[in-house]
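>>> With the input below, show me the fold.
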Amino acid sequence: MIAAIILAAGESSRMGSPKALLAYPLPGGGETTFAEHLIDVFDRSGAAPVLVVIGHESDRIRGALDWRRARPVDNPRYREGMLSSIRSGLAALEETPVEGALVCPVDHPAASPDVIGELIESFERTRAPMVLPVAAGRRGHPVLFSRAVFAELMSAPDAVGARQVVWDHESDLLEVEVSERGVRVDLDTPAEYERWFSERRGR
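Residues are numbered from 1 along each chain as shown. The predicted structure is shown next:
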């Protein structure tokens, strides 16, 4: 099994409201939320279990989402940064026999089940410590971490975060070239979000 960990615990200070609850435009003209879209994407990709790490405004997010098969994981130390949320997700998987975990910040909402399927297939074929999607020469999300590096993530320096583990495995991680540039979408401000939302609506 490959788990999925959606990181949605941050304060979203630049956005001004929880990114997990931002509207995600659907092809037919409807909308869902960033978090629900990612839950659906990981669910359709076959990842299990699907965890959503929450912290800031956790009660609001917990009550607003359609969780389906996903489950929330509380991170009381969310103010310490993204690594604290990764650790919370990994701790919740400690007794679950997964071979790896796909980690995706909630403000990177545009990955597709096809891309996630490519990452899982590449991991199962190679057993690389990490599998990263690359589009037009740039790395994106989600990142698949093998269980073999979970302990390294748990002990990574707070000041550097998960990047330390990536740097330590530059020689043996696997980059998977994908055609979908959505893996590089990273939305931090209202202006970025409004521009991206308008572009998707204009398709």
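>>> Return the longest helix in this structure, judged by number of residues.
Secondary structure of the chain per DSSP state H: the longest helix is helix 113-126.
>>> residues contacting Ile2?
For Ile2, the contact set (C-beta atoms under 8 Å, 6 or more residues apart in numbering) comprises 46-48, 98-102, 120, 123, 144. For every residue, glycine as well, the C-beta is placed using N, CA and C.
>>> farthest-separated two in these?
Among the contacts of Ile2, the pair separated by the greatest distance (C-beta to C-beta) is Ala48 and Phe123, at 14.7 Å.
>>> Compare those two (neighbour count), which wins?
Phe123 (22 against 15; other C-beta atoms under 10 Å).
>>> Would you map the helices across the protein?
So, for the chain - with DSSP H - the helices run 34-45, 58-64, 82-92, 113-126, 150-155, 163-168, 190-201.
>>> burial measure for the closest residue to Gly16 other than its chain neighbours, as a count.
Spatially, and ignoring its direct neighbours in sequence, Gly16 is nearest to Pro190 (6.4 Å; C-beta to C-beta, 6 or more residues apart in numbering). For Pro190, the neighbour count with other C-beta under 10 Å is 13.
>>> Pro190 contacts Lys19, correct?
No. Between Pro190 and Lys19 there is no contact under C-beta atoms under 8 Å: 10.9 Å.
>>> Could you list the low-confidence segments of the protein?
202-203 (pLDDT under 70).
>>> how about a cut-off of 90?
Counting by pLDDT under 90, the chain contains low-confidence ranges at 12-14, 16, 26-30, 66, 68-69, 109-112, 136-137, 159, 179-186, 198-203.
>>> Give me the most central residue, it.
Taking C-alpha atoms, centre = their mean, the centroid of the chain lies closest to Cys104, which sits 0.9 Å from it.
>>> and it, how far is that from Glu194?
22 Å (C-beta to C-beta, to the nearest Å).
>>> Also Ile2?
According to C-beta to C-beta, Ile2 stands 34 Å off from Glu194.
>>> As TSV, the helices of the chain with distance to Gly28 would be great.
As requested, those are exported to TSV (distance: least, C-beta to C-beta, whole Å):
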stretch	distance to Gly28
helix 34-45	13
helix 58-64	22
helix 82-92	32
helix 113-126	17
helix 150-155	38
helix 163-168	37
helix 190-201	12
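>>> Pro25 is nearest to which of the ones you listed?
Nearest of those (C-beta to C-beta): helix 190-201, 4.8 Å.
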